[in-house]
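Visitor: I'd like to go over a predicted model; first the sequence, then the structure.
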Amino acid sequence: MNRTIVITTLLALTAANCAAEGFARKMFVEKRTSQTCGNCPIGIYSFDYMNEHYPDQFIGVEVHEYGDDLICSDYSGWQDFYKTGGTPSVLISRCTDYSNLAQLYNLTNYIQYEARTDWYVGLTASFTPTADPMKINATATIQVAEEQLTDDWRITFIITEDQVGPYTQLNYPSATSDLPGWEDKGQYVSMLYNDVARSMHSDWKGIEGSVPAKLTASEPHIFTVNDFSLGKTTNPDNASLIALLLNKDGEVINADRVGLKSGGTSEIREVTADGAPTLFDLTGRPASSSSKGIVVQRHPDGTTTKRLLK
């Protein structure tokens, strides 16, 4: 059972440029796939392309089915609810109108509409480590450009892992011969898998009470799930935390992703040689005393606090 807390204190931001210019919105895609699906390399290629060409705009989750080694049981409710067809297929923003085959053109066509820089609500995923290397404290921070009545918005969290395997993927050369990098592969391909679903919060439709009824401009709302499990993750350094903000129909308003290695797991434990506290931004990257906005302060005793720097 994941223990959930809501941080109800809203911290005022002094920087108004976010509200004036809008926020980044990322394209979130869940893909049904299987090791025993000979057409599924089409979806693998599509995700690899999107990750390479749109690394800051695209967030993908690979959901394995049909008795695979890589099945994530936390996704069983999602699989039963979204009848999106067979494999490989994609569900974009958890909107059933955007369910389609996993060909690359379906993703590249949608990203111009899904990924934006002028969105009315911003979302940031962050985390802090725990004593258990297979658990983290997962946090989502919401900001809005102007006062927003949320109408039962909710937050949920997902863990994915890269470089999983190697495992054997069935491949139908007749279906993948025109995919760069796959044209000479045989029927059975030993490979490492990326974006593999490893854990999802039990409230996959969104955690009740995670978002207040009203959000105020430039006052971020911070929501944390303590001791969130990494599930079937084999190497936490290859894992990522995804935060989703969902509307009342379960569709994705915004999404964000942070790597557990690059996002601050090791760096956030460091302190300066003289024992002074170390500062990090909400994604875990090092910050300085001249930074603006909310930072995480790691103290020599290992405790952390959030500060507003003006």
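Guide: Received it, and whenever you're ready, just let me know what you need.

Visitor: what residues are up against the nearest residue to residue 119 once chain neighbours are set aside?
Guide: Among residues not flanking residue 119 along the chain, residue 25 sits closest, at 3.7 Å (C-beta to C-beta, 6 or more residues apart in numbering). To be clear about C-beta, it is placed using only N, CA and C from the backbone, and glycine gets the same treatment. With contacts defined as C-beta atoms under 8 Å, 6 or more residues apart in numbering, residue 25 is in contact with 114, 115, 116, 117, 119, 254.

Visitor: And the pLDDT for the last one?
Guide: Read it as residue 254. Among the per-residue scores, residue 254 shows a pLDDT of 97.

Visitor: these two touch, right, it and residue 247?
Guide: No. Contact status for residue 254 versus residue 247: not in contact, 10.3 Å apart, counting by C-beta atoms under 8 Å.

Visitor: which residues touch stretch 74-82?
Guide: Outside stretch 74-82, the residues that touch it by C-beta under 8 Å, 6+ apart are 30, 32, 63, 65, 91, 94, 96, 99, 197, 199-202, 204, 231.

Visitor: Highest neighbour count among the contacts of residue 25?
Guide: Within those, neighbour counts (other C-beta atoms under 10 Å) peak at residue 254, which reaches 23 neighbours.

Visitor: so what strands line up beside whatever helix or strand that residue lives in?
Guide: With secondary structure defined by DSSP states H and E, residue 254 is part of strand 252-259. Partner strands and pairing direction for strand 252-259 (DSSP bridges) are strand 239-246 (antiparallel).

Visitor: now the lengthiest helix in the chain: mean pLDDT?
Guide: Secondary structure of the chain read by DSSP state H shows that its longest helix is helix 41-53. The average pLDDT for helix 41-53 rounds to 95.

Visitor: Not counting its own residues, what contacts that helix?
Guide: 29, 31, 33, 58, 60, 62, 87-90, 101-104, 106-108, 111, 169, 171, 175-176, 179-182, 185, 189, 191, 193-195.

Visitor: Report the buried members of these.
Guide: 29, 31, 33, 58, 60, 62, 87-90, 101-102, 104, 106-107, 111, 169, 171, 176, 179, 182, 185, 189, 191, 193-195 (16 or more other C-beta atoms under 10 Å).

Visitor: Now go through those residues and say which are in strands.
Guide: Counting by DSSP state E, the buried ones among the contacts of helix 41-53 place 29, 31, 33, 58, 60, 62, 89-90, 101, 169, 189, 191, 193 in strands.

Visitor: how about the residues you listed, which pair is most distant?
Guide: Checking those against each other with C-beta to C-beta, the farthest-apart pair comes out as 58 and 189, at 23.4 Å.

Visitor: Tell me where the model's unsure across the stretch 151-300 of the chain.
Guide: Within the stretch 151-300 of the chain, the ranges that satisfy pLDDT under 70 run 262-286, 288-300.

Visitor: cutoff 80 now
Guide: The model of the stretch 151-300 of the chain has pLDDT under 80 over residues 218, 262-300.

Visitor: what ranges do the strands span in it?
Guide: The residue ranges that make up the strands of the stretch 151-300 of the chain, judged by DSSP state E, counting those that start in this stretch, are 154-161, 164-170, 188-193, 196-200, 214-215, 221-229, 239-246, 252-259, 278-280, 293-298.

Visitor: would you list these in JSON lines and tack on distance to residue 53?
Guide: Written out in JSON lines, the entries for those read as follows (distance: least, C-beta to C-beta, whole Å):
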{"stretch": "strand 154-161", "distance to residue 53": "19"}
{"stretch": "strand 164-170", "distance to residue 53": "22"}
{"stretch": "strand 188-193", "distance to residue 53": "19"}
{"stretch": "strand 196-200", "distance to residue 53": "20"}
{"stretch": "strand 214-215", "distance to residue 53": "33"}
{"stretch": "strand 221-229", "distance to residue 53": "30"}
{"stretch": "strand 239-246", "distance to residue 53": "18"}
{"stretch": "strand 252-259", "distance to residue 53": "16"}
{"stretch": "strand 278-280", "distance to residue 53": "29"}
{"stretch": "strand 293-298", "distance to residue 53": "29"}
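
Visitor: re earlier: quick check, nearest of the contacts of residue 25 to residue 227?
Guide: Distance to residue 227 across those (C-beta to C-beta) is lowest for residue 254, with 24.7 Å.

Visitor: Who is the closest one paired with across the strands?
Guide: Residues in a beta bridge with residue 254, per DSSP bridges, are residue 245.

Visitor: Adjust the sequence numbering to begin at 4 for everything that follows.
Guide: Sure, I'll start counting at 4 from here, so that last one is residue 257.

Visitor: quick one, what contacts it?
Guide: Residues in contact with residue 257, defined by C-beta under 8 Å, 6+ apart, are 26, 28, 29, 122, 124, 125, 126, 247, 248.
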